[in-house]
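Chemist: structure of the sequence below:
(chains A and B)
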Amino acid sequence: MSPLLLPARLLSETFDHFRACGRGRRECQVLWTGPWAAPETITTAVHSGHRAHVGGFHVDDAWLNSFWVTLADRRDGVRVQVHTHPHQAFHSPTDDAFPIVQSPGFLSLVIPDFGTGPVSFENAYLCEITEAGDWRMADIATRIAVMT
Amino acid sequence: MNEPECKSDKVQRALADVEQAGADVHRAADALEVAEEKLDRAEHALEDAEKHEPFKVPVLYNGLEREVEAKPDELVKKLLADAIAAFPSVTNAHTLSLFTKDGRELDDNQTVREAKVEPCETLLLRPGAVKGGA
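Modeler: Now for the predicted structure:
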């Protein structure tokens, strides 16, 4: 499977969102989207509208509805959901049960320490939805290529 | 001497015009009645068609659009199943619902008509909730 191509500036933007929104005290979520015409390419880091606290976040329903329409208007799809955890990065039962996309191959990336650490995948956790609809761990280096 | 002949030519012409106009009014009234019956039948046929005939609705999922057939008398549950089937890559379908563009979630147990789904109305196939937590 070819890796997703992520421009380095989008990784940096993502951490900017985590730090500005979460302020080291709350979880935060960003969605990496790209055109269906080039599904391996990530072109946008979208900061979702959500309510968050130290141990979780909930995407705003009205925001999600509007975002769903915008995606279709732009002919884009969500490729990866990215969110922070307070400490260790892993996929919780809540993360498993309530992703934004329910399709095999869809990726979920978790960043530790509310995203206050280095702008990188250090200690991050990646998993993907399987054909059976459950989650399995995925190797970040082989699934996401950061383009400098 | 007959009465009309006692009247001037001008009056007689006017009388004839009045009789002619009266006949025209009767013909028009008959035609109107026929037209109104036709309109009534057509309106009933339209109402019946709108109540029972299937129609197409575009459904959006993760930026993709598929057309799905909706039947006014069928449950939204069936429309949802058809929408999910239109996106073969979908898993965990039980987490997805249909929403209108203004954010109203369709009730699975209502009919398409009761849910007020209109022909060509764009529907969103999306999760009812998106959340995460450590």
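Chemist: wait, what's in contact with the residue in chain A that chain B sits nearest to?
Modeler: Chain A approaches chain B most closely through A:Gly56 (2.8 Å), counting by CB to the nearest CB. Where C-beta positions appear, they are placed from N, C-alpha and C, glycine not excepted. Residues in contact with A:Gly56 (CB atoms under 8 Å, 6 or more residues apart in numbering or on different chains) are A:27, A:94, B:131-134.
Chemist: just the helices in chain B please.
Modeler: For chain B, applying DSSP state H gives helices covering B:3-6, B:9-52, B:76-85.
Chemist: find the nearest non-adjacent residue to A:Gln102, please.
Modeler: Excluding the flanking residues, the one nearest A:Gln102 by CB to CB, 6 or more residues apart in numbering or on different chains is B:Asn92, at 4.6 Å.
Chemist: I misspoke; the intended subject was A:Asp113.
Modeler: Closest to A:Asp113 by CB to CB, 6+ apart is A:His87, at 6.5 Å.
Chemist: which secondary structure elements does the strand ranked longest in chain A sit against?
Modeler: Identified as the longest strand of chain A according to DSSP state E is strand A:76-84. If you count contacts as 3 or more CB pairs under 8 Å, 6 or more residues apart in numbering or on different chains; DSSP states H and E, strand A:76-84 packs onto strand A:29-35, strand A:107-111.
Chemist: want to try a markdown table for these, with distance to B:Lys116, mean neighbour count and mean pLDDT as columns?
Modeler: As requested, the helices and strands packed on strand A:76-84 are exported to a markdown table (distance: least, CB to CB, whole Å; neighbours: other CB atoms under 10 Å in any protein chain shown; pLDDT from 0 to 100):
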| stretch | distance to B:Lys116 | mean neighbour count | mean pLDDT |
| --- | --- | --- | --- |
| strand A:29-35 | 31 | 23 | 98 |
| strand A:107-111 | 35 | 23 | 98 |
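Chemist: using TSV, lay out these together with distance to chain B.
Modeler: Converted to TSV, the helices and strands packed on strand A:76-84 look like this (distance: least, CB to the nearest CB, whole Å):
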stretch	distance to chain B
strand A:29-35	7
strand A:107-111	8
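Chemist: just tell me which of the ones you listed ends up closest to B:Arg126.
Modeler: strand A:29-35 (13.0 Å; CB to CB).
Chemist: quick one: that closest one to strand A:76-84, angle?
Modeler: Put simply, strand A:29-35 runs at 160 degrees to strand A:76-84, going by axes from the mean of the first three to the mean of the last three CA atoms, to 10 degrees.
Chemist: so what strands line up beside strand A:29-35?
Modeler: Strand A:29-35 has its sheet partners listed here by DSSP bridges as strand A:44-47 (antiparallel), strand A:76-84 (antiparallel).
Chemist: return the alpha-carbon coordinates of the longest one using PDB.
Modeler: Meaning strand A:76-84. Output of strand A:76-84 as PDB, limited to C-alpha atoms (Å, rounded to 0.1, in the frame of the first residue of the first chain):
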ATOM      1  CA  ASP A  76     -12.400  15.800  -0.800                       C
ATOM      2  CA  GLY A  77     -12.400  12.900   1.600                       C
ATOM      3  CA  VAL A  78     -11.100  12.500   5.200                       C
ATOM      4  CA  ARG A  79      -8.000  10.400   5.000                       C
ATOM      5  CA  VAL A  80      -6.800  10.500   8.700                       C
ATOM      6  CA  GLN A  81      -8.300  11.600  11.900                       C
ATOM      7  CA  VAL A  82      -5.700  13.000  14.300                       C
ATOM      8  CA  HIS A  83      -6.300  13.700  18.000                       C
ATOM      9  CA  THR A  84      -4.300  14.200  21.200                       C
END
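Chemist: mean confidence (pLDDT) on whichever helix or strand comes after that strand, please.
Modeler: The element immediately downstream of strand A:76-84 (helix or strand, assigned by DSSP states H and E) is helix A:93-97. The average pLDDT within helix A:93-97 is 96.
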